[in-house]
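J.: only the shape, not the letters, is given here:
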């Protein structure tokens with residue numbers, strides 16, 4: 001019997017690896033692990049691969065290792081010199097020379113799963129931690145300390161200047177509208193400074209979202225307040241709209257946009273504490289609608305003012321010869337006399353250019369805000385702080401500087417309380 005067994009064994013060893021595989025009984029392994037050891041000449045054996053049948057491409061596939069010296073062991077196959085054959089995934093076969101076999105471990109490209117936070121998890125976050133990273137906030141960053149502190153200080157100085165100049169020159173209505181807008185900007189950037197310390201701060205988020213959305217509307221109202229006086233001063237007959245209707249129509253429309261934006265800001269701020277995600281979307285939509293209404297109002301206002309000045313310029317060109325012999329002594333120089341036949345004083349022209357500059361900067365800010373908010377909360381535009389600081393904070397800051405440097409109390413005295421402009 002021993003000779004017979006030895007003959008069978010020698011017969012099996014004389015077969016090729018493929019033939020031995022074909023003769024071997026098939027086994028199904030669900031969770032079997034095969035460990036491949038390589039014996040180094042300069043050190044102890046070390047494991048190279050760990051194969052799991054459940055991780056292969058097919059369920060219950062087999063991983064069989066054939067060494068030079070065939071010494072099968074239960075689930076662990078020792079290797080004395082080098083691996084010459086590897087048969088994997090059932091009947092697939094690949095032969096590798098012992099001298100060229102690569103013993104380098106395989107490179108594993110592991111992609112960590114993208115963790116998404118539910119609204120419930122967001123509500124539980126009140127500070128940055130491993131469970132509440134800053135990247136999971138709506139803005140996804142720490143607001144820049146230097147830039148936001150600069151804007152907060154700048155708007156604070158402009159607010160003080162507006163209050164002093166407005167009180168001194170008694171331009172009460174203009175001072176109230178512009179100062180309220182500048183104050184809102186200052187408070188909004190203070191809210192962003194709070195978010196710099198803690199991006200998850202509810203107080204900082206609610207403060208900055210409400211103030212920075214609403215404040216430019218009050219600055220736009222300051223522009224509309226000047227239109228009535230400018231039309232009366234330059235010639236109401238060249239306006240397609242009566243001078244008294246300018247503040248009623250444009251300020252009324254601007255007030256409507258303020259109300260819509262205020263409601264949207266309140267809904268968006270309160271949505272952080274609600275499990276209903278649609279509230280945040282509804283607040284976003286209301287803010288977009290309010291800013292769009294403000295943009296349309298400013299566009300119509302710009303067209304009306306441009307038409308007025310073009311009609312006035314055309315009339316002055318056509319009637320220049322006839323007007324050279326006329327004089328008007330009913331107005332003294334202190335009221336910045338400016339009828340259709342005379343050149344506008346320098347201070348009034350500076351004032352007009354400043355108002356026009358402020359108009360375009362606020363309009364640019366509105367046109368930036370619409371696509372920024374339309375992308376939804378946490379969209380890439382909303383997470384781009386440098387663009388926000390340039391197209392929102394920078395534009396509003398330039399408009400506020402223009403209102404302060406070319407203040408109507410100095411440049412356009414008909415807006416002073418007690419001064420009378422030309423009436424229709």
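T.: Perfect, thanks for sending it. Note that this is a predicted model, so its numbers are computed, not measured.

J.: which other helices and strands contact the strand or helix carrying residue 156?
T.: Assigned by DSSP states H and E, residue 156 falls within helix 145-169. If you count contacts as 3 or more CB pairs under 8 Å, 6 or more residues apart in numbering; DSSP states H and E, helix 145-169 packs onto helix 172-197, helix 395-405, helix 408-411. Placement of C-beta: from N, CA and C, glycine included.

J.: just checking, what packs against the last one?
T.: Looking back up the chat, that one is helix 408-411. With 3+ CB pairs under 8 Å, 6+ apart as the test, helix 408-411 has helix 145-169, helix 346-374 packed against it.

J.: in the first one, what's buried?
T.: Applying a neighbour-count criterion of 16 or more other CB atoms under 10 Å, the buried positions in helix 145-169 are 147-149, 151-152, 154-156, 158-159, 161-162, 165-166, 169.

J.: with the last one instead?
T.: Using 16+ other CB under 10 Å as the test for burial, helix 346-374 gives 348, 350-352, 354-359, 361-369, 372-373.

J.: quick one, phi psi at residue 199?
T.: phi -60, psi -20 (degrees, to the nearest 10).

J.: next up, the contacts around it.
T.: By CB atoms under 8 Å, 6 or more residues apart in numbering, residue 199 lies in contact with 128, 134, 137, 139, 141, 142, 143.

J.: TSV for those residues, including distance to residue 228?
T.: As requested, those are exported to TSV (distance: CB to CB, whole Å):
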residue	distance to residue 228
128	51
134	48
137	45
139	40
141	44
142	45
143	39
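
J.: now list the buried members of these.
T.: 128, 137, 139, 143.

J.: mind listing the strands for the stretch 201-350 of the chain?
T.: Under the criterion DSSP state E, counting those that start in this stretch, the stretch 201-350 of the chain carries no strands.

J.: make sure residue 376 is indeed in a helix.
T.: No. Per DSSP: H, G, I helix; E, B strand; the rest coil, residue 376 lies outside any helix segment and is coil.

J.: that older thread, among the buried residues of helix 145-169, which pair sits farthest apart?
T.: Within those, 147 and 169 form the most distant pair, 32.4 Å apart (CB to CB).

J.: what is the neighbour count of residue 306?
T.: Residue 306: 11 surrounding residues under other CB atoms under 10 Å.

J.: which of the helices and strands packed on helix 145-169 comes out lowest on mean pLDDT?
T.: In terms of average pLDDT, helix 408-411 trails the rest of the helices and strands packed on helix 145-169, at a mean of 92.

J.: pull the residues that contact that one.
T.: Contacts of helix 408-411 (CB under 8 Å, 6+ apart): 165-166, 168-171, 174, 226, 229, 347-348, 350-351, 354, 415-416.
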